[in-house]
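In: Below is the sequence, then the predicted model.
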Amino acid sequence: MKKNLRYFERTIPVQRQELGALGQLGGRILARDLWENVAGMRKEKELLERRLVLPLAEADLADEYGVVPPRAVVLFGPPGTGKTTFAKAIASRLEWPFVEVFPSRLASDPKGLAGALRETFLEIAELEHCVVFIDEVEEIASQRSGEPPSPLQGVTNELLKIIPAFREQPGRLLVCATNFIRALDSAFLRHGRFDYVIPIGLPDRQAREAMWQRFIPATVVDDVDVELLVERTEGFSPADIEYAARSASQRALEKAVYDDGGAASGGNVPVREAVRKGPCTEDYLDAIGDTRTTVSQEVHEQFLEDIDALGRV
């Protein structure tokens, strides 16, 4: 309360109908800081911000410039490069509900996978806004070929019918992710179904540095040779770097508690008596050396070829 000024609070409840539909779909509202928490990957974030978030978040302004907001995009790249993380971050950035569709779960539906997929998208149509995510979409949209047709061809046909209907509804975005874009049906990727086909690749040097800065505890980061870790993790995916960082922390914890010998003697050293030290550069280098990279050189080269042949940004 201030002199000559009063504050009033107005509470507007979420419509029960929409809340119920979101719950049935297994959707949720994600934390608002996911976008900021995506470490590094500056080029990818800037591209997604400009192509997807801007025209969707500023729909009226986009309309003034004759820009049609995107309705469907494909994110492709090697495993572990953060495609799912980016899909969630987009929903967080837009402050829209996030709904992930799991074809493997729908397959057990009595209506069959194609029928369950159609029913799911009819339920999604009840939501005012949403980001719909399908991971490993190649499982239900692979190249159609062979005689007689496989059962999955009917699912692919149904999905090809669903997407145009989905695109007619404003306030929603379909994000499909794949590790094997070459396996997708050519009709699935054509113009008119997907606005963009965006590559999500391995992190560059700047992105790797941002990731290490995030994963190394603040209490020891100044004592760790981050530049050396960045150099040694060229070719690592974000998932690889996170695994190596966690592994180093675990090793350092065990050294502190067991003093390198406590485990062999039965592990009776109390935690309260342990010398508490964070991981050092050697811990990280050992963990990096023991980490099997997710993406081989061959897979990375194929990804670069796919950018030229199938990318659309």
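Out: Ah, there it is.

In: With Val74 as the reference, measure out to Leu94.
Out: From Leu94 over to Val74 the distance is 18 Å, taken as Cβ to Cβ, to the nearest Å. In this view, the C-beta of every residue, glycine as well, is placed from N, C-alpha and C.

In: same check, this time on Gly80
Out: Gly80 is 18 Å from Val74, where distance means Cβ to Cβ.

In: neighbour-wise, which of the two wins?
Out: A count of neighbours by other Cβ atoms under 10 Å puts Val74 above the other of Gly80 and Val74, at 27 against 20.

In: can you pull the contacts of that one?
Out: Val74 makes contact with Val137, Val175, Cys176, Ala177, Thr178, Ile181, Leu184, Leu189, Phe194, Tyr196, Val197, Ile198, according to Cβ atoms under 8 Å, 6 or more residues apart in numbering.

In: Turn those residues into TSV, columns for pLDDT, distance to Trp212 and neighbour count.
Out: TSV is the format used below for these (pLDDT from 0 to 100; distance: Cβ to Cβ, whole Å; neighbours: other Cβ atoms under 10 Å):
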residue	pLDDT	distance to Trp212	neighbour count
Val137	93	31	26
Val175	97	28	28
Cys176	96	30	29
Ala177	96	25	23
Thr178	95	28	24
Ile181	94	29	23
Leu184	90	34	22
Leu189	89	35	18
Phe194	94	34	22
Tyr196	95	30	16
Val197	96	30	20
Ile198	96	25	23
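
In: now, which of those sits nearest Glu209?
Out: Nearest to Glu209 among the contacts of Val74 is Ile198, at 23.1 Å by Cβ to Cβ.

In: Go ahead and confirm the closest one touches Thr81.
Out: No - contact criterion Cβ atoms under 8 Å: Ile198 and Thr81 do not qualify, at 11.6 Å.

In: which helices and strands does the helix ranked longest in the chain pack with?
Out: Ordering each helix of the chain by length in residues (DSSP state H) puts helix 238-258 first. On a contact count with 3 or more Cβ pairs under 8 Å, 6 or more residues apart in numbering; DSSP states H and E, helix 238-258 meets helix 205-215, helix 281-289.

In: I'd like the ones you listed laid out as a markdown table, including mean pLDDT and mean neighbour count.
Out: Output for these, formatted as a markdown table (pLDDT from 0 to 100; neighbours: other Cβ atoms under 10 Å):
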| stretch | mean pLDDT | mean neighbour count |
| --- | --- | --- |
| helix 205-215 | 93 | 19 |
| helix 281-289 | 96 | 18 |
